[in-house]
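1. Compute the structure for the input listed below.
(2 chains)
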Amino acid sequence: MDYASHISVQDLNVYYGNVQALKHINIDIPDRQITAIIGPSGCGKSTLLRCFNRLLDTVEDVRVTGKVLVDGENIFDPAVDVTRIRKKMGLLSQRPFPLPMSIYDNVAYGPRIYGQRNRRQLATLVEKYLKMANIWEEVKDRLHEPASKLSIGQQQRLCLARGLAVEPAIILADEPTSALDPQSSQYIEKQFQELKNQYTIVMVTHILRQARRLADYVVFMYLGELIEHGPARDFFDNPRQELTKEYIKGVIS
Amino acid sequence: MQRNKIEEGVAIGLMWISTGIVLLSVVLILGTIVVKGFPALNLDMITKTPSGGFYLGKSGGILNAIVGSLLLTGGAVIVSIVFSLPVALYLNIYAARESRFAAMVRLSLDVLWGIPSIVYGAFGFLLMLTLGVRASLLGGMIAVSLLILPMMARAMDEVVRLVPRDLLEASYSLGATRWETAIKVVARQALPGILSAILISFGRGIGDAASVLFTAGFSDNIPTSLLEPAATLPLAIFFQLGTPFPEVQARAYASAVILTAIVLGVSVVGRLLVWRYGRHVVK
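-> Residues are numbered from 1 along each chain as shown, chains lettered A, B, ... in the order given. Now for the predicted structure:
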């Protein structure tokens, strides 16, 4: 590959207690594209995603060997400042979890942490990222209402805006549409297609059709192993591995 | 089928009876103190300190005990918050969730919670003797703090524990440290529960007689410093009930009405606060 990759995984192993959840994963995630990690439940796709921003740290009794390089830096190096790594990535989880504060404060949360105190600049940032997440028109008149009052689809877009406000280079999404109604899902998918020009997007999904619609690059995992990965068209049209073929055909799911 | 229905009927019947007994108890207790205390309840009771001969049925009020109790319990509640909140946040955010250490701390708090208040009174008294402090507002505050701290810490621990993990992760993934997450997210999410914990502890603290018996002393004057003895409502009730005069005994019931009204008033204010500040809570 002739491009420098934001995220490069080298011989990554993850153990929960005595169970090995990820086995010898090696992969480079292409920049400014949508990479879909697919595979059946329990294949380790969420675990892989959570390695990228070290949210795995919050799990107890977990052991990691190998490297994940983000911009050339091994993020599992004990000397690394975790919050700096996390600033590089926005995360969308399965179910949106707005913070217990107003819509405005949700988006301003990240910038404030990073020291932005200027009220006018904060207001500008909040507007910018709410627009970017395509929710500004719906909330501009009630920015100071609790975020928990929004519909779940709006909450997910708010979470997107909140993640973008940290000015990351990477967006991580863990089945971001699984709790949403079809229309809200469509909003998010549309947003991703616009955002991929500026961001590297890594998305876990168990919806094969979603991966077909969105992904530029596909990573297929099965029982903790990386089975096959490649550009989306190659992957879906000419799968090389038997397991991949079966998964695409729906024999295994 | 028939048998199932009978079982269901009996169970529901028992639940009704239990609920009825609880409600009846509340009505009976409130009714008793109001009926017996009402004749003695007047403005003097809450605006005047006891004058000469108060305990013989003459003029005056129990302002000394009202102010004493509020100061003492208020102080104890503040001291307890200062120690309880960090414990609750530590156990749930910093300590590994199911660690042996966290389990040990929780067990210790539960044991402390179960210790009778007279023991805290005695312990506080010994502590004061060692430190050379006499029965005073400060001594009472220390004893009541010891009494309510375990309860408050455990109650806060339970509500902080209910904060969804995903909410913590949402904050971490934005680059927040544990400390920022604890203060800006967890404390806000758990705020209604934290306020409830404070209210319960306040109610328990202000109504307890045994812990202040040796430690706070008693005085007919409103304390002007931490080192002066302070009257408290439970002891005021105790002393007045102990006199042989029916007028004074009626005042004991009036004092009980006042004490109950204070606890009730604080609860209502607390509920309003929960309602006011709980609107951001994510469900």
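2. so where is chain A shaky, pLDDT-wise?
-> Counting by pLDDT under 70, the ranges of chain A that qualify are A:1-5, A:253.
3. ok, now with 80
-> Applying pLDDT under 80 to chain A flags the ranges A:1-6, A:252-253.
4. and if you look at chain B?
-> For chain B, the ranges with pLDDT under 80 are B:1, B:52-59, B:96-98, B:277-280, B:282-283.
5. domains of it?
-> B:2-40, B:54-280 (automatic domain parsing).
6. Those residues of the stretch 101-250 of chain B touching chain A, which are they?
-> B:164-177, B:180, B:184-185, B:188-189 (CB under 8 Å from any CB of the partner chain). (C-beta placed from N, C-alpha, C; glycine too.)
7. List of residues touching stretch B:123-139?
-> B:68, B:71-72, B:75, B:140, B:142-143, B:146, B:211, B:214-217, B:223, B:225-230 (CB atoms under 8 Å, 6 or more residues apart in numbering or on different chains).
8. again, only using 10 Å
-> B:68, B:71-72, B:75, B:115, B:121, B:140-147, B:211-219, B:223-232 (CB atoms under 10 Å, 6 or more residues apart in numbering or on different chains).
9. Produce a PyMOL select command limited to the buried residues of the residues of the stretch 101-250 of chain B next to chain A.
-> A single PyMOL command selects the buried members of these (16 or more other CB atoms under 10 Å in any protein chain shown):
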select buried, chain B and resi 167+168+169+170+171+172+173+174+175+176+180+184+185+188+189
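10. Now go through the residues of the stretch 101-250 of chain B next to chain A and say which are in helices.
-> When these are checked against helices (DSSP state H), the matches are B:165-173, B:180, B:188-189.
11. export these to TSV and tack on distance to A:N118?
-> Shown next, in TSV, are these (distance: CB to CB, whole Å):
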residue	distance to A:N118
B:R165	33
B:D166	31
B:L167	28
B:L168	28
B:E169	29
B:A170	25
B:S171	22
B:Y172	25
B:S173	24
B:E180	19
B:R188	23
B:Q189	27
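12. Tell me the gap between the helix or strand where B:L138 lies and the middle of its chain.
-> B:L138 is part of helix B:137-161 when elements are defined by DSSP states H and E. With CA atoms, centre = their mean, to the nearest Å as the basis, helix B:137-161 stands 9 Å off its chain's centre.
13. Around chain B, pick out the residues from the stretch 101-250 of chain A.
-> Within the stretch 101-250 of chain A, the residues that sit near chain B (CB under 10 Å from any CB of the partner chain) are A:101-102, A:105-106, A:109-114, A:145-149, A:155, A:159, A:162-163, A:165-166, A:168, A:172.
14. Now the buried members of those residues.
-> Looks like these have A:101-102, A:105-106, A:109-113, A:146-148, A:155, A:159, A:162-163, A:165-166, A:168, A:172 buried, using 16+ other CB under 10 Å.
15. among those, which are in helices?
-> A:105-106, A:109-113, A:155, A:159, A:162-163.
16. how near is the residue nearest to A:T35 when sequence neighbours are not counted to A:Q210?
-> Spatially, and ignoring its direct neighbours in sequence, A:T35 is nearest to A:Y217 (4.5 Å; CB to CB, 6 or more residues apart in numbering or on different chains). Distance of A:Y217 to A:Q210, computed by CB to CB, to the nearest Å: 14 Å.
17. List the buried residues of stretch A:56-67.
-> For stretch A:56-67, by 16+ other CB under 10 Å, it's A:56, A:62, A:64, A:66-67.
18. can you tell me which two in those residues are farthest apart?
-> A:V62 and A:K67 (16.1 Å; CB to CB).
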